[in-house]
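Engineer: show me how the following folds:
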Amino acid sequence: MKREEQNINDTWKMEDMFPSDKVWEKELDKATEMVDQYHMYVGKIAANKEELLTYLKFNDEVNLLAERLYVYSNQKYHQDMANAKYQTYSGKAQKLVVDIGSASAFAEPELLTVDEETLRSWMEDDRFADYRRYINEVLRSKEHTLDRKTEEILAKSRRMANGADNIYAMYNGADIDFPTVTDSDGKKIKITHGNFVPIMSGTDRPLRKKAFQALYHTYGKMKNTIAAIFNANVEQACFYADVRGYSSTRAMYLHGSNIPESVYDNLIETVHEHLSLMHRYVKIRKKALGVEELHMYDIYAPIVKTPDKKYTFDEAKMMVKSGLAPMGEEYLKRLQEGFDNRWIDIYENEGKRSGAYSWGAYGTHPYVLLNYQGTLDHVFTLAHEMGHALHSYYSDANQPYINAGYKIFVAEVASTCNESLLIHDLLSKTQDKETKAFLINHFLEQFKGTLYRQTMFAEFEKITHSMVEKGETLTSDVLCRVYYDLNKLYFGDDIVLDEEIALEWARIPHFYNPFYVYQYATGISAAITLSKKIMEEGEAGVKDYMKFLTGGGSKDPIDLLKLAGVDMTTKEPIRQALKLFEKLLDEMEGIISK
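Structural biologist: The predicted model follows:
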């Protein structure tokens with residue numbers, strides 16, 4: 001189906017952000033002119049509180065407009081990525097964002113020239129209420145903020161520093177050429193990024209093996225080059241950490257959200273303490289598949305039958321509403337508002353971006369992109385993305401622009417909490433053994449893929465960055481050895497550790513955004529704990545949870561979660577999540593032994 005053939009009611013209403021492309025173009029011109037006005041504030045914002053307040057309001061205005069321009073252009077582009085007009089729009093919006101970053105680079109170093117006592121006295125003025133957190137964050141980063149000239153140089157250096165990431169993205173996204181393999185029916189299949197995971201999740205074991213070997217042998221041919229790119233990306237991180245006076249790259253990346261490094265270490269330590277559960281999962285998988293040897297290409301193969309039943313989108317909405325009933329009337333009202341007012345772009349069309357996401361800009365309701373196919377997995381995707389959307393809705397509705405955006409550390413909490421509530425609801429209602437087994441397995445796969453796998457990635461990053469900080473070079477042999485040993489530790493002895501898996505690090509784009517992936521593991525831990533609290537405590541649990549949802553970025557992520565009753569500075573939320581994993585393993589063992 002072409003984009004223009006979609007039923008308009010099944011598409012998102014981008015007119016809520018900009019009435020037309022003409023208006024977007026006009027606003028882009030306005031924003032571009034505003035960027036040129038930044039020079040008027042240079043050398044003035046430290047003079048007195050009036051000048052500072054004027055600048056802060058101006059900066060908000062520019063950034064809010066840029067955000068709206070950027071989101072609109074990219075969402076229109078994602079509707080049909082072959083559309084040259086919106087490709088151009090997206091590029092122009094990207095340039096605008098970069099230009100704003102460069103033009104405003106003077107502000108924080110200049111702000112820090114004001115005596116701290118004076119600055120804090122200015123903040124007592126009620127007109128600074130919305131900006132107190134921002135200024136406190138600038139002060140918190142004072143020891144890592146350099147003089148204006150150096151900050152300008154560092155801002156300009158980012159394009160150069162992104163070289164390793166860009167080179168890897170170009171190789172991995174455009175130039176890599178995987179071979180063709182033959183399935184069990186003799187059909188030839190060319191391996192791509194898009195079909196590799198579906199093949200690995202399929203039932204054709206010989207095909208899984210061939211695809212697994214073909215993909216990793218392709219990476220293996222370029223392993224020395226990819227290792228050099230990987231090493232260069234870690235080196236650039238080390239450069240910025242060193243220049244800014246951080247003790248390590250990890251300290252630098254965690255500083256932005258004020259996450260104690262102990263949170264990262266607690267995650268790895270707690271998962272290590274519960275590796276026996278992962279090893280037990282591997283045993284269950286081996287038994288369920290009925291194989292003499294379990295291989296790494298068997299780790300995504302289905303161990304339960306996928307229900308044939310398909311759900312209309314109307315049915316999916318009803319299922320999600322039922323699952324989220326514990327959240328109360330107000331939450332369900334907002335959920336329905338999204339369903340009724342075209343927040344969602346529902347179905348696939350030619351050129352549409354794959355996958356699913358929630359996005360939006362302050363001042364307009366959030367949006368959700370889906371490629372809905374009617375499977376039970378896609379019902380969960382709807383619950384997940386509406387979790388993101390309503391988190392954004394409540395944050396925006398309760399916080400000023402500068403404090404509305406929540407940090408990545410908590411970004412997956414609301415979405416995964418929704419999924420957890422939905423699974424529990426469906427499990428409580430289903431009498432069908434096949435569906436029940438599928439639901440339990442769906443939950444188990446989340447634990448394996450999100451809690452264990454992302455923690456393994458996090459440990460890999462911790463080890464490799466530490467090596468470079470000590471002056472070592474990350475060669476392909478070093479990277480393969482570290483990665484292979486981690487797989488051995490995490491997966492245990494009941495699986496054949498195929499040598500190809502040592503190269504998996506070479507295909508993980510997230511490693512070029514250092515110390516990011518651990519947040520998936522902490523996020524699912526917090527979400528599982530919160531969903532349990534909501535189901536057990538009812539209205540009181542929801543009330544605490546809403547403090548988190550409405551908090552946006554008004555506090556540090558750790559403190560926002562504490563409002564909801566979860567303390568991520570302890571190991572307890574991770575232990576709580578793993579306790580549920582153990583319970584689900586018990587249930588799955590009972591199912592496959594019958």
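
Engineer: so residue 358 lies in a strand, does it not?
Structural biologist: Yes: assignment of residue 358 by DSSP: H, G, I helix; E, B strand; the rest coil places it within a strand.

Engineer: quick one: residue 337 from residue 344, how far?
Structural biologist: Distance of residue 337 to residue 344, given as C-beta to C-beta, to the nearest Å: 11 Å. For the C-beta atoms, the positions are set from N, CA and C on the backbone; glycine is no exception.

Engineer: ok, those two, which is more surrounded?
Structural biologist: Shown here are residue 337 and residue 344; by other C-beta atoms under 10 Å, residue 344 has more neighbours (26 against 13).

Engineer: correct me, but the more buried one touches residue 368?
Structural biologist: Yes: with contacts counted by C-beta atoms under 8 Å, residue 344 reaches residue 368, the gap being 4.6 Å.

Engineer: which neighbours do those two have in common?
Structural biologist: Listed as contacting both residue 344 and residue 368 by C-beta atoms under 8 Å, 6 or more residues apart in numbering are 12, 338.

Engineer: so what pLDDT did residue 98 get?
Structural biologist: The score at residue 98 is 88. That number is its pLDDT.

Engineer: number of nearby residues for it?
Structural biologist: 14.

Engineer: state the distance from the nearest residue to it once chain neighbours are set aside to residue 3.
Structural biologist: Nearest residue to residue 98, sequence neighbours excluded (C-beta to C-beta, 6 or more residues apart in numbering): residue 159, at 7.7 Å. Distance, residue 159 to residue 3, by C-beta to C-beta: 33 Å.

Engineer: of those two, who's got more company?
Structural biologist: The residue with more neighbours, out of residue 159 and residue 3 and counting by other C-beta under 10 Å, is residue 3; that gives 14 against 11.

Engineer: low-confidence ranges in the stretch 101-250 of the chain?
Structural biologist: The stretch 101-250 of the chain contains no residues with pLDDT under 70.

Engineer: elements contacting the lengthiest helix in the chain?
Structural biologist: Identified as the longest helix of the chain according to DSSP state H is helix 49-79. Applying 3 or more C-beta pairs under 8 Å, 6 or more residues apart in numbering; DSSP states H and E, one finds that helix 49-79 makes contact with helix 21-35, helix 84-103, helix 107-111, strand 357-359, strand 367-369, helix 401-404.

Engineer: mean confidence score for the fifth one?
Structural biologist: Meaning strand 367-369. 98.

Engineer: how far does whichever helix or strand comes after it sit from the chain's center?
Structural biologist: Counting by DSSP states H and E, the next helix or strand C-terminal to strand 367-369 is helix 376-398. Once both centres are worked out by C-alpha atoms, centre = their mean, to the nearest Å, helix 376-398 turns out to sit 13 Å from its chain's centre.

Engineer: what about the helices in the stretch 251-400 of the chain?
Structural biologist: For the stretch 251-400 of the chain, the helices defined by DSSP state H, counting those that start in this stretch cover 261-273, 275-289, 313-323, 329-340, 376-398.

Engineer: show me what the shortest one is packed against.
Structural biologist: What that stands for is helix 313-323. Using 3+ C-beta pairs under 8 Å, 6+ apart, the elements in contact with helix 313-323 are helix 329-340, helix 376-398, helix 413-429.

Engineer: dump those to TSV, plus mean pLDDT.
Structural biologist: Formatted as TSV, the helices and strands packed on helix 313-323 follow (pLDDT from 0 to 100):
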stretch	mean pLDDT
helix 329-340	98
helix 376-398	97
helix 413-429	95
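
Engineer: closest to residue 484 out of those helices?
Structural biologist: The minimum distance between residue 484 and the helices and strands packed on helix 313-323 falls on helix 413-429, with 29.7 Å, by C-beta to C-beta.

Engineer: elements contacting that closest one?
Structural biologist: Secondary-structure packing of helix 413-429 (3+ C-beta pairs under 8 Å, 6+ apart): helix 313-323, helix 376-398, helix 433-446, helix 518-537, helix 539-549.

Engineer: again, only using 6 Å
Structural biologist: Helices and strands touching helix 413-429, by 3 or more C-beta pairs under 6 Å, 6 or more residues apart in numbering; DSSP states H and E, are helix 313-323, helix 376-398, helix 433-446, helix 518-537.

Engineer: quick check: which of those helices is buried the most?
Structural biologist: Neighbour counts (mean count of other C-beta atoms under 10 Å) averaged over each of the helices and strands packed on helix 413-429 peak at helix 518-537, with a mean of 24.

Engineer: got the angle for that helix vs helix 433-446?
Structural biologist: Angle, helix 518-537 to helix 433-446, by axes from the mean of the first three to the mean of the last three C-alpha atoms, to 10 degrees: 130 degrees.

Engineer: residues in contact with helix 518-537?
Structural biologist: Residues outside helix 518-537 that contact it (C-beta atoms under 6 Å, 6 or more residues apart in numbering): 264, 267, 326, 408-409, 412-413, 416-417, 420-421, 450-451, 454-455, 458, 541-542, 545, 561, 564-566, 568, 573-574, 576-577, 580.

Engineer: what's the ChimeraX line that selects buried ones from those?
Structural biologist: ChimeraX command restricting those to the buried ones, with burial defined by 16 or more other C-beta atoms under 10 Å:
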select :264,267,326,409,412,413,416,417,420,421,450,451,454,455,458,541,542,545,561,564,565,566,568,573,574,576,577,580
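
Engineer: residue 508 is nearest to which of the helices and strands packed on helix 49-79?
Structural biologist: With C-beta to C-beta as the criterion, residue 508 lies closest to strand 357-359 of those, at 19.3 Å.

Engineer: in its sheet, which strands sit next to the closest one, and in what direction?
Structural biologist: Take DSSP bridges as the rule and strand 357-359 pairs in its sheet with strand 367-369 (antiparallel).

Engineer: which other residues reach stretch 286-303?
Structural biologist: Residues outside stretch 286-303 that contact it (C-beta under 6 Å, 6+ apart): 200, 201, 208, 209, 212, 285, 494, 495, 496, 498, 501, 592.

Engineer: for the fifth one, give me its contacts.
Structural biologist: If a contact means C-beta under 6 Å, 6+ apart, then residue 212 has residue 297 as its contacts.

Engineer: one more: the third one?
Structural biologist: With C-beta under 6 Å, 6+ apart as the criterion, the residues that contact residue 208 are 200, 297.

Engineer: what residues sit buried inside the helix or strand hosting it?
Structural biologist: If you go by DSSP H and E, residue 208 is part of helix 205-221. Within helix 205-221, the residues that count as buried by 16+ other C-beta under 10 Å are 207-216, 218-220.

Engineer: same question, stretch 251-271
Structural biologist: For stretch 251-271, the neighbour count (16+ other C-beta under 10 Å) marks 251-255, 257-259, 263-264, 266-268, 270-271 as buried.

Engineer: now, among these, which is nearest to residue 481?
Structural biologist: Looking across the buried residues of stretch 251-271 and measuring by C-beta to C-beta, the closest to residue 481 is residue 268, at 18.8 Å.

Engineer: look at the closest one and report its pLDDT.
Structural biologist: pLDDT, residue 268: 98.

Engineer: tell me the spacing between it and residue 513.
Structural biologist: 19 Å.

Engineer: the nearest residue to residue 38 once chain neighbours are set aside: neighbouring residues, count only.
Structural biologist: The shortest distance from residue 38 to any non-neighbouring residue, by C-beta to C-beta, 6+ apart, is to residue 103 (3.9 Å). Using other C-beta under 10 Å, residue 103 has 21 other residues around it.

Engineer: what's residue 496 sitting at in phi/psi?
Structural biologist: Backbone geometry at residue 496, expressed as degrees, to the nearest 10, gives phi -80, psi 120.

Engineer: just list whatever residues bridge to it.
Structural biologist: With DSSP bridges as the rule, residue 496 is bridged to residue 295.
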